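Trainee: Okay, predicted coordinates and the sequence, questions at the end:
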Amino acid sequence: MKAEPATLGFAAQVVAWQKTHGRSELPWQNTRDPYRVWLSEVMLQQTQVSTVLGYFARFLERFPDVAALAAGSEDEVFGLWSGLGYYSRARNMHRCAQEVVARFGGAFPRSAAELATLPGIGRSTASAIAAFCFGERVAILDGNVKRVLTRLLGFDGDLSSGAQERALWDIATQLLPPADQPADIARYTQGVMDLGATVCLPRRPSCMICPVGALCVARREGEPERYPVKTRKLRRTAQSLWMLQADDGADRVWLEKRPARGIWAGLYSLPVFESREALLAALSPAERASAIDAPAFLHVLTHKDLHLHPVRIASDGRSLGDTGAWFAAASWTALGLPAPVRKLLAQQQPALDAS
Ligand code: SF4
């Protein structure tokens, strides 16, 4: 690292910049309601603001507070989440709401340390809620903020290493506004988030208009994009799956609930098989005779390439398994479905929205 965090005056500049140039119109801003802040924080992980806006509004309409969310069914939560991806976030969110009700009487705990004991709330999310809603002086360190701070300080430790990440957490804490200016913590937290989201972008950061440009080591070096340093990449894998797309002749499709663990856990899906032979073995002779291989396609997950092979069959409407049911289009559109399954079904009924 090439700059001393305590001497930078970074926090004051971020606070001043946020007042005039930061974001202030987003629906989860200007509130101290931990439910709204938490909801937005979870939704914004790996998802763009523009996408989250609609989901946030629909969620609040159906689940206006944490007790309502806790009382909702997992299927309904998945249905509202459908299209946002990374369903483990939705599952944890639902569990978290239930724990807030069961353990804390329906009121989010006020400290980052206690918030971080809840499902799906990591250290940075816990700090964001505690800083925004309860004024606690704690640092956040999400992907955007890591980028800003490593560039600012020329921090070239490898963030694949736990020790280096902990060192960056310590630095993030040293950079906070002074303890005798508690009113600044929410604005500072918003400011570093805004800097990462709107100025210090992963590629081609806008250093010319950056409020901390004069302090920034990476800018001085002329190569900001070399930060943050993270060498270990997760190894990608590939998997082929066969999906049974059964039609009962009355425009209904057979969907089954996936097990609680493994791919697409807890969602509704077309039945999935490891091989074409296994899929055919589950069919009656008449169903097998009607089988047509639809074009295979690739679905890319974060760490895995899925090669999906749909097989269409005509069925007489018999039950195809214990965990499934026949669904008309009017009902499956409201279910939590994996994105490629939703896409496939919408292709069969083009009037429906695949999003
Ligand atoms: Fe990021 Fe450039 Fe600002 Fe440095 S000067 S913090 S690299 S935008």
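Mentor: Nice, I can see it.

Trainee: Give me the number of neighbouring residues for the residue lying closest to Arg58 once chain neighbours are set aside.
Mentor: Nearest non-adjacent residue to Arg58, counting by C-beta to C-beta, 6 or more residues apart in numbering: Leu80, 5.9 Å away. Glycine gets a C-beta too; all of them are placed from N, C-alpha and C. Using other C-beta atoms under 10 Å, Leu80 has 20 neighbouring residues.

Trainee: host element of Leu80?
Mentor: Taking DSSP states H and E as the criterion, Leu80 maps to helix 74-81.

Trainee: Using PDB, write out every CA atom in that helix.
Mentor: Coordinates of each C-alpha in helix 74-81 appear next as PDB, following Å, rounded to 0.1, in the frame of the first residue of the first chain:
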ATOM      1  CA  GLU A  74     -41.500 -19.500   0.100                       C
ATOM      2  CA  ASP A  75     -43.200 -20.100  -3.200                       C
ATOM      3  CA  GLU A  76     -44.700 -16.600  -3.200                       C
ATOM      4  CA  VAL A  77     -41.300 -15.100  -2.300                       C
ATOM      5  CA  PHE A  78     -39.700 -17.000  -5.200                       C
ATOM      6  CA  GLY A  79     -42.400 -16.000  -7.500                       C
ATOM      7  CA  LEU A  80     -41.900 -12.300  -6.800                       C
ATOM      8  CA  TRP A  81     -38.100 -12.800  -7.000                       C
END
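
Trainee: I'd like to check the angle between the helix or strand just after that helix and helix 74-81, please.
Mentor: Beyond helix 74-81 in the direction of the C-terminus, DSSP H and E gives the next helix or strand as helix 87-104. Here the directions of helix 87-104 and helix 74-81 differ by 130 degrees (axes from the mean of the first three to the mean of the last three C-alpha atoms, to 10 degrees).

Trainee: Name the next helix or strand downstream of helix 87-104, please.
Mentor: Heading C-terminal from helix 87-104 (DSSP H and E), you reach helix 112-115.

Trainee: Check which helices and strands the helix holding Leu80 sits against.
Mentor: Here helix 74-81 touches helix 49-62, helix 87-104, going by 3 or more C-beta pairs under 8 Å, 6 or more residues apart in numbering; DSSP states H and E.

Trainee: With Arg151 as the reference, name the closest of those helices.
Mentor: Across the helices and strands packed on helix 74-81, Arg151 has its closest neighbour in helix 49-62 (21.5 Å, C-beta to C-beta).

Trainee: which residues touch the closest one?
Mentor: The contact list for helix 49-62, computed with C-beta atoms under 8 Å, 6 or more residues apart in numbering, reads 26-28, 36, 39-40, 43-44, 68-69, 72, 76, 80-81, 83-84, 197.

Trainee: Go again with 7 Å.
Mentor: The contact list for helix 49-62 (C-beta atoms under 7 Å, 6 or more residues apart in numbering) reads Leu26, Pro27, Trp28, Leu39, Ser40, Met43, Leu44, Leu80, Leu84.

Trainee: same deal with stretch 261-273?
Mentor: Stretch 261-273 is contacted from outside by 74, 78, 87, 91, 241-245, 254-260, 279, 320-321, 324, 335-338, 341, using C-beta under 7 Å, 6+ apart.

Trainee: cool, stretch 173-192 as well?
Mentor: For stretch 173-192, contacts defined as C-beta under 7 Å, 6+ apart pick out 5-6, 10-11, 14-15, 17-19, 22, 128, 131-132, 135, 137, 139-140, 145, 148.

Trainee: Contacting the ligand as well, which ones from those?
Mentor: Contacts with the ligand within the contacts of stretch 173-192, counted by C-beta under 6 Å from any ligand atom: Val148.

Trainee: What's the PyMOL syntax to select whichever of the contacts of stretch 173-192 are buried?
Mentor: To isolate the buried subset of the contacts of stretch 173-192 in PyMOL, counting by 16 or more other C-beta atoms under 10 Å, use the following:
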select buried, resi 5+10+11+14+15+17+18+22+128+131+132+137+139+140+145+148
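
Trainee: list the buried ones in stretch 25-34?
Mentor: Of the residues in stretch 25-34, Trp28, Pro34 count as buried by neighbour count, 16+ other C-beta under 10 Å.

Trainee: gap between the two ends of it?
Mentor: Using C-alpha to C-alpha, to the nearest Å, one end of stretch 25-34 lies 17 Å from the other.

Trainee: So which residues make contact with it?
Mentor: In this structure, residues lying in contact with stretch 25-34 by C-beta under 7 Å, 6+ apart are Arg23, Ser24, Arg36, Val37, Ser40, Val49, Phe56, Phe108, Ile129, Phe132, Cys133.

Trainee: Looking at the stretch 1-150 of the chain, which residue is nearest the ligand?
Mentor: Closest residue of the stretch 1-150 of the chain to the ligand, C-beta to the nearest ligand atom: Val148 (5.3 Å).

Trainee: how near is that residue to Gln181?
Mentor: Shown here: Val148 relative to Gln181, a distance of 20 Å by C-beta to C-beta, to the nearest Å.

Trainee: With Ala172 instead?
Mentor: Note on Ala172: its distance to Gln181, by C-beta to C-beta, is 17 Å.

Trainee: For Leu80, give me its contacts.
Mentor: Arg58, Phe59, Arg62.
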